[in-house]
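**Q** The sequence and its predicted three-dimensional model are supplied below.
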Amino acid sequence: MDTVDRALERLWEWAAANHISLDRRQQQQIRDYLDALLLWNRRVALVSQGDPQVIACKHFADSLVAAAQCDSTATVVDMGTGAGFPGLVIAIAQPAARVTLIESKRKKVSFLLQVISTARVENVRVLAVRIESAARDSQQAGHYSLAISRALSDLSGFLVLAALFLSAGGTAVAMKGPAFRTELHRLSESDLRRAGFAPPRAHPYELPDGTKRVLLSFRRL
C-alpha cells in the first residue's frame, strides 16, 4: 500500500467513525482529486503541505465535515476556494447540491477545472473573479442558501460579503481553528446586526490528527 492509499484508508476510516458516508464513486472522485493535487502542487503553490497523509487530514477531512453539515439540496458558494476546499469536496459529497467556487487566481482556476473534468463532478462551477466582484453581480447576489469559506480570517468582513450572496434565511459558515473565540470576541452585536445575521451556532469537531476545529454558522435574518 503506497502513501496515497494509506492516507485515503485513514480518511475513510475517520469518515465512517464520524458518520460521514461516501460511496465508491465519491471515494474515487476524492482519489482523483488528491492525485491531481499532489501532481500540481509540485509546480503550483496550491497547499503548503506535500504529504498525502497531511493533505487528507487537514484539507479533505475538514471539508467533509462541512459537507456533512450542508443540506443535500443546498445552493452553495465557496468564497475564495483556493484549491477547492471546502467547496469542491462539498460538491462530491453532496451530489444533489449546486456549488459555485469563487477563485481569482488563474493557475488555481485551471487546477480546479481539471479536477472537475477528471473526477467528473457535475454539480459545480468555477467563477474566475474576485469575491467582491462576484458579490456585486446580479446573477450571484442573493442566490445562495449557504455561503462558506476557510479563506477569510476576519469574521465581520466575511459576514458582510456572505450577506450579499445569501437569500433570506440563508446561512453563512466560517471554518475556524482553536482561536475562533478571540475572533468571536471581536465581533460585536452591532457587527452582526449591520450584516443582518443572528448570533452564531458553533459545531466543534476534531480532525484525524486531533486538531480541534469549529464551524460557526450564522443565519441570515
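**A** Noted; the coordinates are in hand.
**Q** per-residue confidence averaged over stretch 117-124?
**A** Averaged over stretch 117-124, pLDDT sits at 98.
**Q** Then stretch 134-151?
**A** Predicted confidence along stretch 134-151 averages 95 (mean pLDDT).
**Q** And the helices in the protein?
**A** Assignment of helices within the chain using DSSP state H yields the ranges 3-17, 24-40, 52-55, 61-68, 87-93, 106-118, 131-135, 155-165, 180-186, 189-195.
**Q** number of nearby residues for residue 114?
**A** Burial measure for residue 114: 14 neighbouring residues, criterion other Cβ atoms under 10 Å. C-beta here means a position set from N, CA and C on the backbone, and glycine is covered the same way.
**Q** How much space separates it from residue 166?
**A** With distances defined as Cβ to Cβ, to the nearest Å, the gap from residue 114 to residue 166 amounts to 30 Å.
**Q** go on, residue 38?
**A** Using Cβ to Cβ, we find residue 38 at a distance of 34 Å from residue 166.
**Q** try residue 195
**A** Residue 195 is 10 Å from residue 166, where distance means Cβ to Cβ.
**Q** Please say which of these two ends up with more neighbours.
**A** For residue 195 against residue 166, the residue with the higher neighbour count under other Cβ under 10 Å is residue 166, and the figures read 26 against 22.
**Q** Lowest mean pLDDT among the helices and strands, pick that one out for the protein.
**A** Here the helix or strand of the chain ranked lowest by mean pLDDT, DSSP states H and E is helix 189-195, holding a mean of 88.
**Q** Could you pick out the longest strand of the chain?
**A** strand 166-176 (DSSP state E).
**Q** and that strand, C-alpha only, in PDB?
**A** What follows is strand 166-176, C-alpha atoms only, in PDB (Å, rounded to 0.1, in the frame of the first residue of the first chain):
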ATOM      1  CA  LEU A 166     -27.400  34.800   0.600                       C
ATOM      2  CA  SER A 167     -31.100  34.700   0.100                       C
ATOM      3  CA  ALA A 168     -33.300  35.400   3.100                       C
ATOM      4  CA  GLY A 169     -32.900  32.700   5.800                       C
ATOM      5  CA  GLY A 170     -29.600  31.500   4.300                       C
ATOM      6  CA  THR A 171     -26.600  30.500   6.300                       C
ATOM      7  CA  ALA A 172     -23.000  31.800   6.400                       C
ATOM      8  CA  VAL A 173     -20.500  29.200   7.600                       C
ATOM      9  CA  ALA A 174     -17.000  30.200   8.700                       C
ATOM     10  CA  MET A 175     -14.500  27.300   9.200                       C
ATOM     11  CA  LYS A 176     -12.200  28.100  12.100                       C
END
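**Q** hmm, who's touching it?
**A** The contact list for strand 166-176 (Cβ atoms under 8 Å, 6 or more residues apart in numbering) reads 62, 66, 69, 86, 142-150, 152, 155, 158-159, 162-163, 183, 197, 213-221.
**Q** Stretch 192-207 now?
**A** Where contact means Cβ under 8 Å, 6+ apart, the residues beyond stretch 192-207 that reach it are 18, 57-58, 61-62, 65, 69, 156, 159-160, 162-163, 172, 180, 184, 212-221.
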